[in-house]
Structure formats: C-alpha cells, structure tokens
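Novice: Would you be able to build a 3D model of this:
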Amino acid sequence: MSLPFLPGHTFDRNLGKEKFHKSHHFDNCNDVSMLVGGHKPGIGGQQLLGQKAKPAQSQIPKGKGNSAPAWVAFDRQVLRFNAYFQEAVHEKPQEQYRIRKCKIYFYLEDDSIQVIEENVSNSGIPQGTLIRRHRIPLPPPNDDQYYTVENFNVGNEMTLYGRCFKITGCDQFTYNFLRKLGVRMNEPCDTPEDPYSDFRKGMDEAQQPLRPYEKVDTLKQFLDHDRHVLRFFCFWDDQDNMFGDVREMILHYFLADDTVEIKESIPANAGRDAVPMFLKRAKLPKSAPEALNQPGEITGRTVLNVFGPMGHGGRYILDSLKTGAVITEYYRDSDLQIGSSINVWGRKLKLCDCDDFTKEYYKTKYGIDNFSSIKYKRDLEPAGNREWPPYTGFGSEEDSLCSCMGLLPKPPRRDFIKFMEKDRHGLESNVLRFVARLDTDIPIDKDRRFIISYFLSDDSIAVFEPPVRNSGIIGGKFLERNRIQKPNQARFGTELSEYYMARDLYVGSRLNFHSHNFVLIDADEYAFRYMEQHNNEFANSNIDAITSKLAQIASQQREKIKEFLAKNDPTGSGKLEYDLFTNLLMQLGGSRITEHEIMTIARHYSDSRDETMPLDTLVSVVQEHLRKTNFENFSKLTEGFMSYDTDRSGFVDVELVRKTCRAFHLPLPDDLVRALLVRMEKNEMGQVNYNSFVMLLNWRDNAVTLPQYTPAPVKIDEAWKGTRDDKDNVQRVNYSALLGALLN
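Specialist: The predicted model follows:
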C-alpha cells in the first residue's frame with residue numbers, strides 16, 4: 001500500500017541530483033514560434049511523461065565478465081541475410097519485372113549495412129555492390145533513427161533508400177545469434193521465379209546438343225608431360241636451290257600437346273637475319289603442304305541424318321566411325337628418330353642428334369639403345385694466328401697494341417688486383433733487393449756494387465749504385481724504375497717482348513740490362529724470406545726440390561762426401577763452417593746447383609741459434625710459432641711417436657722425432673726443432689722423452705707464463721748498401737741433419 005500524496009509523505013526526487021540543465025525545446029523558424037525539441041529530454045536529461053528513449057545503437061544484452069566495447073567484442077562478426085527486390089521493366093515487352101537476388105550484410109561492431117547483388121552472366125545490368133557499407137536511416141517519418149539488429153528477421157521487408165527488400169533466409173551463424181538475443185525466427189521463404197530468366201535458361205538449354213560431343217581427354221597428357229620437351233639437332237640441305245646452303249636447326253617436340261617448334265642456329269657472321277623462330281609452335285602435319293579444304297570439310301564432329309527432312313524435324317546421330325571425316329596425320333614422338341627425315345611444309349629436315357633427356361625418354365618408352373649421331377657439321381678450319389702489326393716505337397708496346405684492337409684506342413689495362421696485393425703496406429715492402437756486380441774485365445768496374453730492386457706490384461726494376469768515396473765514380477740512380485726487356489729480342493717485332501720477372505732474379509743469376517751485364521751476388525733478409533715463403537713461385541728457394549736434387553747427387557758421391565767430412569770435421573761435431581759447406585756442395589754439384597740454392601740449404605740447416613737462451617724463452621718462441629699457425633694436432637703427434645716406441649718406455653730416437661714432425665707438417669723451422677731437442681730429457685742411449693717434448697709444444701694446455709715472444713719484423717732499410725749484419729749471416733751449418741734428410 002502506497003503512501004498518500006501529502007506533504008511530509010513524499011520523497012524529494014532532487015536529492016543527490018547534480019544536473020539541472022534544460023533542453024532547448026522551442027525556437028523561431030521563419031519568424032514563427034514552434035516546438036523543435038519534442039524528442040529531447042526534460043530537466044537534467046530525464047524523460048518527460050509519455051516520452052520513450054530512441055536507442056542510437058543496437059541494444060544487445062551484456063553477458064558476465066569484463067564488458068568490452070562493441071568494436072572489440074563483435075570484431076569481424078557479420079550477420080548475412082538472403083534477400084531480393086522486384087524491379088519494374090518498362091522498356092522491353094518481353095518482361096514486365098525482374099527479380100534481383102542480393103545479400104544483406106549487417107556489421108555488429110558499428111550497425112553498418114552493406115548490400116551486394118549476386119552476379120548473373122549476360123544480364124546486362126551493373127551488379128556487385130548496390131549499397132556500400134554505412135549506417136542506413138529508417139524510412140520517413142523515422143528518418144532520424146537508424147536500422148539496428150532488432151529490425152532484421154526472416155520474412156521482414158526493409159526499405160533502403162526507397163527500394164523494398166524482402167528477407168528470405170539467413171546463414172547458420174545469423175540464425176543462432178538472433179536466437180540468443182531472444183528473437184523468434186520465422187521460417188525461410190522461397191524467392192519468386194523470374195519469368196524472363198526462366199525463358200533465357202530454356203533458350204540456352206535448347207541450344208545444347210541432345211547428345212554430348214565426343215570428348216578428347218588431353219588433361220592427363222598435359223599433367224604427365226608438362227615442361228617435358230624432346231630436343232633434336234637437325235639440318236636442312238638447301239644446296240639444290242640457287243645460293244642455298246646447309247642450315248642447322250634445333251627441333252623441339254613438346255610432349256604436353258604434341259606440338260613442334262623449330263629454331264635456326266645461325267652462326268656468327270653468316271649474313272642472315274637472326275629471326276626468333278623458323279617454325280612457330282604448332283602441330284606438324286606429315287603431308288603438308290596440301291590444297292586448302294573447303295569450308296565445312298574439317299569439323300569437330302560428324303553427324304548422320306537418320307530420318308526426317310533436312311532442317312527442322314530431322315533426327316541426327318553422332319558418327320562414331322567418322323566415315324566422312326577428313327583426318328590429318330601429324331608427327332608424333334614415335335616418328336622422330338635419329339637418321340630419319342621429316343617433312344616441314346615441303347622442306348626435308350634430317351635428324352642427326354638429340355640431348356640426354358631425349359635419349360633417356362626413348363630408352364624408357366621404346367627401348368631404343370642406339371643413339372649414334374650423324375656428322376653433319378663440316379670440320380672447322382684451323383684458325384690462323386692473328387698477327388699484329390709491328391711495334392711503331394711510340395709509347396710502350398702495350399699502348400701501341402691497344403690502338404690496333406679497336407677503332408677507339410684505349411689505354412692498356414693495369415693489373416689492379418696484383419697492384420693492391422703486392423703494393424707496399426705497413427712493414428711489408430714487397431720489394432726484392434739484390435746486390436750485383438758488373439760482369440766485366442775492366443779493373444775499375446769490377447769493384448763497383450749495385451742495388452737492384454724488383455717491385456712486385458708492377459714487375460718494374462730500379463738500379464742504384466751506392467756512392468763510394470774516392471772511387472772516382474759518381475754514385476746514385478743508375479737506372480730509372482721501369483720494366484726491362486730481356487736481351488736478343490726484335491726491336492720492332494709483331495709479338496710482345498718478354499720482360500724480366502721475379503723468378504729470373506736469384507743469387508748467382510746473370511742479367512743483361514740494356515747491354516750492361518750484372519751478376520747477383522747477394523740479397524737482403526726480406527728477399528730471402530719472401531722467396532722461401534713463396535717457394536712455389538721461386539724454384540731456387542724450394543727446400544723440398546733442392547733436397548731431392550741433392551739426394552740424387554749425394555747417392556752417387558758418398559765416398560767423396562765421407563772423405564771431405566773426415567778432413568774438415570775430424571771431431572765429428574756434425575757442423576761445418578759456411579765456406580766449407582759451400583765448397584762441398586760446389587764440388588759435388590758443380591753447375592747443377594746454383595749459389596742461391598746453396599744459401600737456401602744453409603739457411604734451413606743453419607746452426608746460428610744462441611745456445612745460451614733459457615729453455616722458457618725457447619719454448620715461448622716455439623709456442624708462438626705454433627699459435628700463429630693454429631696447430632693443435634698434439635694428440636695425433638703423440639700417437640705418431642708411440643708407433644716407434646714399441647717397448648712403451650716413453651723415449652724415441654732423435655731422428656725419428658724429427659721425421660715424425662716432418663710427417664705431421666709441424667710448422668716449425670728445423671733449427672728450432674733441433675735446438676729444442678738438444679734441451680730435452682734423454683736416456684742412456686740418447687733417446688728423447690717425447691711426452692715432455694709434446695707437453696712443451698702444447699701451447700693450448702701448457703702455455704708458458706713468460707710474455708709472448710715477438711720476433712723483430714723484417715723491414716726495408718732505405719739506406720741499405722748491400723752489407724749484411726753478422727746476426728743475419730749463416731756462420732755454421734748442421735750437415736748431420738742435412739745428411740739425415742738426404743739419406744732417409
């Protein structure tokens with residue numbers, strides 16, 4: 001029971017209210033006062049008596065959990081309805097109206113609508129999107145509101161911009177969504193038939209044959225042999241015609257559709273236009289060319305008039321035997337064989353050879369094994385030597401030759417890669433310097449010394465004579481830096497002259513520089529080391545080649561070697577002075593061994609190491625060599641020593657240790673290995689403890705604590721006059737190590 005509406009028995013509805021604004025309801029329009037805000041709320045936004053709220057968006061019940069905005073909750077969710085509209089036709093007497101089917105899409109995220117008409121072939125009507133996606137207002141007088149999800153249901157009629165759409169159905173998602181909103185879904189209805197569309201459909205069916213065409217299945221052949229092409233090499237002998245010759249062709253047979261294309265192989269300077277195709281890709285008939293057939297003779301099918309008059313009312317059947325058909329035979333893959341001739345529109349082409357894929361195809365399908373090719377090309381005449389005109393004497397030979405290679409003379413190209421690799425950078429000068437003397441009998445010139453510098457970057461040579469006081473000869477630059485030709489060559493010849501290269505310069509060689517004969521008698525330390533590091537380019541610095549040459553010489557003169565050593569080394573120390581060692585090799589080899597090779601052997605087996613060097617410093621030097629070359633094969637090296645240690649005593653002969661080090665390509669100079677073996681622990685028989693030897697070599701696990709040994713770099717001295725320091729000269733040679741290498 002409610003309280004009476006009396007003072008003191010009612011509640012103040014304005015308690016807690018903060019908004020008291022008033023909507024604008026009245027205004028003047030053309031000087032006439034009228035109500036313009038009938039749909040607007042009252043004071044504070046409250047609805048007036050009898051006023052109902054008009055929702056701006058679809059009212060969808062909220063579920064449990066976190067409520068997300070519509071553009072997130074209904075993203076990519078669309079309601080789809082099947083609909084149609086009827087359109088009147090006034091221009092054609094054959095039809096009075098059309099039934100046009102379409103799809104209506106309602107986007108739940110923003111209540112937008114899109115209408116798309118289904119495409120109908122040959123309709124002549126612009127179809128597709130009838131109404132683009134946007135919010136569509138309701139028809140008047142409610143045009144201030146928009147369509148929402150409550151306005152959609154099966155069977156409803158909707159007016160969109162004056163056109164009435166009838167909804168006939170929807171998809172399963174739309175049906176389930178509307179059911180969850182509480183909408184009672186109507187039963188789907190049928191779309192009425194379009195009389196004119198039915199008439200058009202009947203006409204199309206009447207034009208179809210009562211019996212189907214003969215089907216030729218080419219899809220399987222295409223799928224099995226797509227991009228499979230047989231290639232034959234052939235020729236066309238056209239010598240019977242005037243100015244005809246033998247023309248080489250390449251025939252391609254496409255297995256996918258049994259077509260043929262022919263390309264002509266036109267050699268260079270043949271005088272013919274390089275056309276892209278000799279025969280365009282198509283089926284090749286065997287009996288071409290023939291007279292043209294009359295219209296109607298070649299048809300896709302042949303029919304027989306069974307009974308009835310000609311024309312309307314007659315009965316026809318398909319002629320399966322093709323009694324009256326004109327059949328044209330085309331070349332197939334079985335007709336193409338090496339040695340056979342084919343007719344290409346009146347031109348006889350003979351197949352001479354094929355590629356490997358074609359051979360494998362015929363071998364697999366037809367079992368053919370004989371693919372002997374037919375010789376159809378003439379033997380090429382040997383090309384004559386191209387003779388250049390003689391040197392003119394202007395500029396260099398290369399520069400003059402470039403003027404003969406083209407209409408526009410170009411300067412000779414420089415070997416830029418060699419220049420970048422062999423140019424001076426840092427302490428690497430890439431300059432080989434030798435000491436030379438004049439090969440002459442003039443007493444004044446015999447004592448003159450020259451510095452010959454060979455620049456590896458451009459193969460140029462410069463000669464400098466160090467000044468000597470009170471000699472009566474002005475020293476300085478003797479020959480400008482330039483490439484020097486070898487003697488006894490034609491001055492104005494047709495061939496390029498030969499120049500002195502780096503391999504031609506070594507200690508003991510004789511050079512002729514512009515009628516001045518020089519003999520190289522020494523070189524600086526950098527030149528020796530560079531030639532030893534690149535011994536594949538300098539045969540006189542290749543220790544392996546020199547050792548094999550000495551082995552052959554020593555095997556023939558063993559008694560002479562023993563006699564010389566017994567005379568000059570009576571104590572058997574195994575070492576000889578450098579001069580005695582040189583005399584020994586000169587007596588043995590004579591002219592077969594050069595002075596540079598003797599110096600290379602002496603440097604390799606030199607015994608100039610300081611024996612007072614501490615063991616830790618010596619190990620530091622050895623480990624630094626191995627660290628730079630990244631040698632880590634110590635376990636295999638130990639296994640190699642153990643193969644000689646049959647009694648597992650841990651000791652192996654010194655020569656076997658050196659032999660094993662050479663077998664494993666230990667990147668250490670032989671004098672360092674010998675210096676380290678001298679300091680190693682030995683037993684009563686003089687054998688070395690190889691485990692301790694490997695332990696000292698192992699820079700990875702047993703690195704020394706001393707600072708790493710860094711050898712002094714070999715740098716070029718601009719003021720070098722051909723004299724060498726005593727520390728660079730070889731004082732003694734360990735000939736015992738050399739004999740061990742020669743005899744083993």
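Novice: so which helix or strand takes in residue 361?
Specialist: Element membership of residue 361 [criterion: DSSP states H and E] is helix 356-365.
Novice: cool, residue 526 as well?
Specialist: Assigned by DSSP H and E, residue 526 falls in helix 525-533.
Novice: Ignoring the adjacent residues along the chain, who's closest to residue 196?
Specialist: Nearest non-adjacent residue to residue 196, counting by Cβ to Cβ, 6 or more residues apart in numbering: residue 95, 3.7 Å away. The way it works is simple: take the backbone N, C-alpha and C, and place the C-beta from them, glycine included.
Novice: Surely the one you found and residue 198 touch.
Specialist: No - Residue 95 lies out of contact with residue 198 (Cβ atoms under 8 Å); the separation is 10.5 Å.
Novice: give the contact list for residue 670.
Specialist: Residue 670 makes contacts with 604-605, 658, 737, as judged by Cβ atoms under 8 Å, 6 or more residues apart in numbering.
Novice: Among those, name the ones in helices.
Specialist: 604, 658, 737 (DSSP state H).
Novice: The second one and residue 674, how far apart?
Specialist: Spelled out, that is residue 658. 7 Å (Cβ to Cβ, to the nearest Å).
Novice: shared neighbours of these two, anything?
Specialist: Counting by Cβ under 8 Å, 6+ apart, the residues touching both residue 658 and residue 674 are residue 737.
Novice: mind listing the helices for the stretch 601-744 of the chain?
Specialist: With DSSP state H, counting those that start in this stretch as the definition, the stretch 601-744 of the chain shows helices at residue ranges 615-628, 634-644, 654-663, 670-679, 690-697, 735-743.
Novice: so which strand or helix has the residue nearest the centre of the chain?
Specialist: In the chain, the centroid-proximal residue (Cα atoms, centre = their mean) is residue 417; its distance is 23.3 Å. Element membership of residue 417, judged by DSSP H and E, is helix 416-422.
Novice: Average pLDDT for that helix, rounded please.
Specialist: When pLDDT is averaged over helix 416-422, the result is 87.
Novice: which is the next helix or strand following it?
Specialist: strand 431-438.
Novice: Now do that following strand: everything it contacts.
Specialist: Under Cβ under 8 Å, 6+ apart, the answer for strand 431-438 is 424, 445-446, 448-456, 463, 502, 505, 507, 511, 516-524, 526-527, 530-531, 716, 720, 722.
Novice: Which of the residues you listed fall in helices?
Specialist: 445-446, 526-527, 530-531.
Novice: Could you export the residues you listed as TSV, including neighbour count and distance to residue 341?
Specialist: TSV is the format used below for the ones in helices among the contacts of strand 431-438 (neighbours: other Cβ atoms under 10 Å; distance: Cβ to Cβ, whole Å):
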residue	neighbour count	distance to residue 341
445	13	83
446	11	85
526	21	74
527	25	72
530	22	68
531	24	67
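Novice: Nearest to residue 376 among the residues you listed?
Specialist: residue 531 (55.7 Å; Cβ to Cβ).
Novice: And that closest one, how far from residue 619?
Specialist: In terms of Cβ to Cβ, residue 531 sits 29 Å off from residue 619.
Novice: What of residue 406?
Specialist: From residue 406 to residue 619 the distance is 64 Å (Cβ to Cβ).
Novice: Comparing those two, which shows the higher neighbour count?
Specialist: With neighbours defined as other Cβ atoms under 10 Å, residue 406 and residue 619 compare such that residue 619 has more, 21 against 8.
Novice: residue contacts, that one?
Specialist: Counted by Cβ under 8 Å, 6+ apart, residue 619 has contacts 676, 696, 704.
Novice: For the helix or strand hosting residue 546, which helices and strands make contact with it?
Specialist: According to DSSP H and E, residue 546 maps onto helix 543-556. Packing partners of helix 543-556 (3 or more Cβ pairs under 8 Å, 6 or more residues apart in numbering; DSSP states H and E): helix 578-589, helix 595-604, helix 735-743.
Novice: hey, which of those helices is tucked in deepest?
Specialist: Of all those, helix 595-604 carries the top mean neighbour count, a mean of 23, counting by mean count of other Cβ atoms under 10 Å.
Novice: and that one, average pLDDT?
Specialist: 87.
Novice: helices or strands next to that helix in the packing?
Specialist: helix 525-533, helix 543-556, helix 578-589.
Novice: how about the ones you listed in TSV, adding mean pLDDT and distance to residue 628?
Specialist: Shown next, in TSV, are the helices and strands packed on helix 595-604 (pLDDT from 0 to 100; distance: least, Cβ to Cβ, whole Å):
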stretch	mean pLDDT	distance to residue 628
helix 525-533	88	13
helix 543-556	85	20
helix 578-589	84	29
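Novice: Which of these sits closest to residue 290?
Specialist: helix 543-556 (78.0 Å).
Novice: The closest one: which residues count as buried?
Specialist: If you call a residue buried by 16 or more other Cβ atoms under 10 Å, then helix 543-556 has these buried ones: 543, 546-547, 549-550, 553-554.
Novice: So what touches it?
Specialist: Helix 543-556 has contacts (Cβ under 8 Å, 6+ apart) with 532, 535, 539-540, 561, 585, 588-589, 592-593, 597, 600-601, 604, 738-739, 741-743.
Novice: Would you mind giving the orientation angle of it with respect to helix 578-589?
Specialist: Per axes from the mean of the first three to the mean of the last three Cα atoms, to 10 degrees, the angle that helix 543-556 makes with helix 578-589 is 70 degrees.
Novice: Output helix 543-556 as PDB, restricted to C-alpha atoms.
Specialist: In PDB, the C-alpha atoms belonging to helix 543-556 read as follows (Å, rounded to 0.1, in the frame of the first residue of the first chain):
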ATOM      1  CA  ILE A 543     113.700 -26.600 -49.900                       C
ATOM      2  CA  ASP A 544     111.900 -29.800 -51.000                       C
ATOM      3  CA  ALA A 545     113.100 -29.600 -54.600                       C
ATOM      4  CA  ILE A 546     116.600 -28.700 -53.600                       C
ATOM      5  CA  THR A 547     116.700 -31.600 -51.100                       C
ATOM      6  CA  SER A 548     115.600 -34.100 -53.700                       C
ATOM      7  CA  LYS A 549     118.200 -32.700 -56.200                       C
ATOM      8  CA  LEU A 550     121.000 -33.100 -53.500                       C
ATOM      9  CA  ALA A 551     119.800 -36.600 -52.700                       C
ATOM     10  CA  GLN A 552     120.400 -37.700 -56.200                       C
ATOM     11  CA  ILE A 553     123.900 -36.100 -56.200                       C
ATOM     12  CA  ALA A 554     124.800 -37.500 -52.800                       C
ATOM     13  CA  SER A 555     123.800 -41.000 -53.700                       C
ATOM     14  CA  GLN A 556     126.400 -41.100 -56.400                       C
END
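Novice: And the helix or strand following it, what's buried?
Specialist: Next in sequence after helix 543-556, counting helices and strands by DSSP H and E, comes helix 558-568. Counting neighbours by 16+ other Cβ under 10 Å, one finds that the buried residues in helix 558-568 are 561, 564-565.
Novice: tell me what helix 558-568 is packed against?
Specialist: Partner elements for helix 558-568 (3+ Cβ pairs under 8 Å, 6+ apart): helix 578-589.
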